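**Q** Structural data only, the sequence is not supplied:
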DNA sequence: GCTACACCCGGACGATCGCACGGATGTTCG
DNA sequence: CGAACATCCGTGCGATCGTCCGGGTGTAGC
């Protein structure tokens, strides 16, 4: 399947092979990250982390986003099992799911927020 | 601009507003995460983290991916400033960029790998 | 010089994503 | 009982993404 049969560093290739995750695993990770890699969804998670619960309308107010956008974001987050909802009357309150991907994901978000604030988006330092 | 003028929990909304990142910041984070949220790119980073340097062809061998896919992944990673390249003759060696986004990103990747291995993609805990 | 090689680049195609729009569901109030 | 409300769902559009294809650049060896 490879276009050339001449590994320059056969040793390193073999070593790398043992430490590179399976494509299957990588796809799973990518799916989780794809869910986090959206401005609206990330902000929804931050908001839900800041306060315990919020309903859809209030969430839209807090994020200054359209209710459609928030609704779609919540739909995706729910599909990924990251948030859970509690229905009280005609209002639906959302919160972070009980088994939220460890505080690690939140760590990840916060760390990257800090990072992006420091160096900007495409900034490199040659 | 909001469709309804009746916040259910005006207090929580105000509190959430102070802790939710700017949309601008969220976009920056989303861009970084989008770069990581791809099976090929994530595996490239893992491989480069495992061994010091690898050239494109060997990288394709280690990942069992087409050279085109690896080439595109490296192009994107380079554009994001996550990898740097060293040219020796006609071979180009890639490594993690000197100012790699802290080991945090790698932490994040590893943690999510572990997570995805435990519960799968859409797994809930009944 | 000329061929083979390792890699890069630009365009094209299919797939997916995020959001806006319309309609539908269940709930509260007069 | 009927109207207003908060939210959900399916559809469509514009944009972006990832990969494949063909051709190009610079180097190593004969």
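**A** That came in fine, so what should we check first? This structure is a prediction, so every number in the text was calculated from the model and none was measured.
**Q** all contacts plus neighbour counts: C-alpha atoms, from now on.
**A** Fine.
**Q** Could you see whether DNA strand C lies near stretch A:71-79?
**A** Yes. Stretch A:71-79 reaches DNA strand C (CA under 7 Å from any atom of the strand) through A:72, A:73, A:76.
**Q** Residue numbers of chain A in contact with DNA strand D?
**A** Residues of chain A lying near DNA strand D (CA under 7 Å from any atom of the strand): A:55, A:56, A:57, A:58, A:68, A:71, A:74, A:75, A:90, A:91, A:92, A:93.
**Q** Hmm, residue A:51 and the last one touching each other?
**A** Put plainly, it is residue A:93. No. Counting by CA atoms under 8 Å, residue A:93 stays clear of residue A:51, with 11.5 Å between them.
**Q** what residue ranges in chain A are flagged as low confidence?
**A** A:1-6, A:101-126 (pLDDT under 70).
**Q** Grab the most central residue of it for me.
**A** residue A:36 (1.7 Å; CA atoms, centre = their mean).
**Q** Please name the nearest non-neighbouring residue to that one.
**A** residue A:42 (5.7 Å; CA to CA, 6 or more residues apart in numbering or on different chains).
**Q** can you check residue A:52 too?
**A** Leaving aside its chain neighbours, residue A:52 sits nearest to residue A:95 (6.3 Å; criterion: CA to CA, 6+ apart).
**Q** can you pull the contacts of that neighbour?
**A** Contacts for residue A:95 (CA atoms under 8 Å, 6 or more residues apart in numbering or on different chains) come out as A:48, A:49, A:52, A:53, A:54, A:83, A:84, A:85.
**Q** For those residues, pick the one with the most neighbours.
**A** residue A:54 (25 neighbours; other CA atoms under 10 Å in any protein chain shown).
**Q** partner residues bridging it?
**A** Residue A:54 has these beta-bridge partners by DSSP bridges: residue A:94.
**Q** which residues of chain A fall in helices?
**A** Applying DSSP state H to chain A gives helices spanning A:10-19, A:23-36, A:39-50, A:56-63, A:67-79, A:102-119.
**Q** Put together CSV for those, with distance to residue B:21 on each row.
**A** Output for those, formatted as CSV (distance: least, CA to CA, whole Å):
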stretch, distance to residue B:21
helix A:10-19, 35
helix A:23-36, 14
helix A:39-50, 7
helix A:56-63, 9
helix A:67-79, 15
helix A:102-119, 8
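**Q** next one: phi and psi at residue A:22?
**A** Main-chain torsions, residue A:22, degrees, to the nearest 10: phi -60, psi 150.
**Q** Where does chain A get nearest to DNA strand C, which residue?
**A** residue A:89 (3.3 Å; CA to the nearest atom of the strand).
**Q** what's around that residue, how many residues?
**A** 6.
**Q** now swap in residue A:11 and tell me
**A** When neighbours are counted by other CA under 10 Å, residue A:11 comes out with 11.
**Q** ok, now how distant is it from residue B:53?
**A** To residue B:53, residue A:11 is 12 Å away according to CA to CA, to the nearest Å.
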